[in-house]
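S.K.: coordinates only, sequence not included:
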């Protein structure tokens, strides 16, 4: 075998020497040999490029990560969605480079989008919403609750440390809610309290100059005293949102509305008490959640988190 290879290499070498001689005495030979050299250089360059940038140390790690992610997504049967931190309707564009922005937030528009995508994906059999949040804004909680309620696929809620206020409102419409016995659950109430700077401004020599059209345009400013009329106005709206919250929890959890009002004092309760009140269905952690998902879907769940 080695002798045959050696003979072949010798023949190739002799052929190349004749081509070199031809190139020296003929323009045609010069062009042909030159073309061959350029082609060989291109082949060598492509081999080097392939070696370093496709399979070697300089290959694109992002593409590899994406390919790996795509491969994992192909096996997904459950979409996992996190509700962590403050619940808000959206995250502003400036947040990406704003060092003062609170990044521990969840936007309802992103959760609604994730639920919609999960419903349109034939591979997804169920949706898991994991909550660890003390709440946020009522509209955001309501938007998520409505998306969960209108889902065509079963949605399981899992409260870890905290699921309260707007975060509980958001989860209240889930088909099944799990919580640890030590979880903080509930806080059915509404607040708009704030810290007034009026006395501090007086001490520092600042004077609030009111320039506004409309009786209540600058009401609620931390730099001016809150009038009795303004307080009445704010409490009117706070009570309306409170009634909406109580009504939704009553409907979503199928608890008589008067019973909800009896414990909707803004406080949280631990997991066992939450189950007793009907705010959650089961006490348990991720193991219990996965077992329930397996029973519901008829197969071992493969959760892919958004």
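M.R.: Perfect, thanks for sending it. What you see is a predicted model; the values in this text were computed from it and never measured.
S.K.: What distance separates the opening and closing residues of stretch 213-232?
M.R.: 20 Å (Cα to Cα, to the nearest Å).
S.K.: what's it in contact with?
M.R.: With contact meaning Cβ atoms under 8 Å, 6 or more residues apart in numbering, stretch 213-232 is reached by 194, 195, 196, 197, 198, 201, 206, 208, 210, 212, 233, 234. Heads up, the C-betas are built off the backbone N, CA and C, glycines and all.
S.K.: of those residues, buried ones?
M.R.: Buried by 16 or more other Cβ atoms under 10 Å: residue 234, out of the contacts of stretch 213-232.
S.K.: Can you tell me which of the contacts of stretch 213-232 is nearest residue 288?
M.R.: When these are compared for distance to residue 288 (Cβ to Cβ), residue 194 wins out at 40.5 Å.
S.K.: ok so the closest one is a strand residue?
M.R.: No - the assignment for residue 194, made by DSSP: H, G, I helix; E, B strand; the rest coil, is coil rather than a strand.
S.K.: ok, the closest residue to residue 238 other than its chain neighbours - contacts?
M.R.: Once flanking residues are discounted, residue 238 sits nearest to residue 190: 5.0 Å by Cβ to Cβ, 6 or more residues apart in numbering. By Cβ under 8 Å, 6+ apart, residue 190 lies in contact with 138, 238, 239, 241, 242, 245.
S.K.: For whichever strand or helix holds residue 199, give me every contacting residue.
M.R.: Assigned by DSSP states H and E, residue 199 belongs to helix 198-204. Contact with helix 198-204 is made by 207, 208, 222, 223, 224, 225, as judged by Cβ under 8 Å, 6+ apart.
S.K.: Show me what secondary structure element comes after it.
M.R.: helix 228-253.
S.K.: Quick one: name whatever helix or strand follows that following helix.
M.R.: Immediately after helix 228-253, counting by DSSP H and E, sits helix 257-263.
S.K.: elements contacting that following helix?
M.R.: The contact analysis (3 or more Cβ pairs under 8 Å, 6 or more residues apart in numbering; DSSP states H and E) places helix 257-263 against helix 228-253.
S.K.: chain center to the helix it packs on, what's the gap?
M.R.: 29 Å (Cα atoms, centre = their mean, to the nearest Å).
S.K.: just to revisit the earlier point, can you list the contacts of residue 190 in CSV and add neighbour count, distance to residue 288 and pLDDT?
M.R.: Putting the contacts of residue 190 into CSV (neighbours: other Cβ atoms under 10 Å; distance: Cβ to Cβ, whole Å; pLDDT from 0 to 100) gives the following:
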residue, neighbour count, distance to residue 288, pLDDT
138, 18, 30, 97
238, 15, 37, 97
239, 11, 38, 97
241, 16, 33, 97
242, 19, 32, 97
245, 23, 28, 98
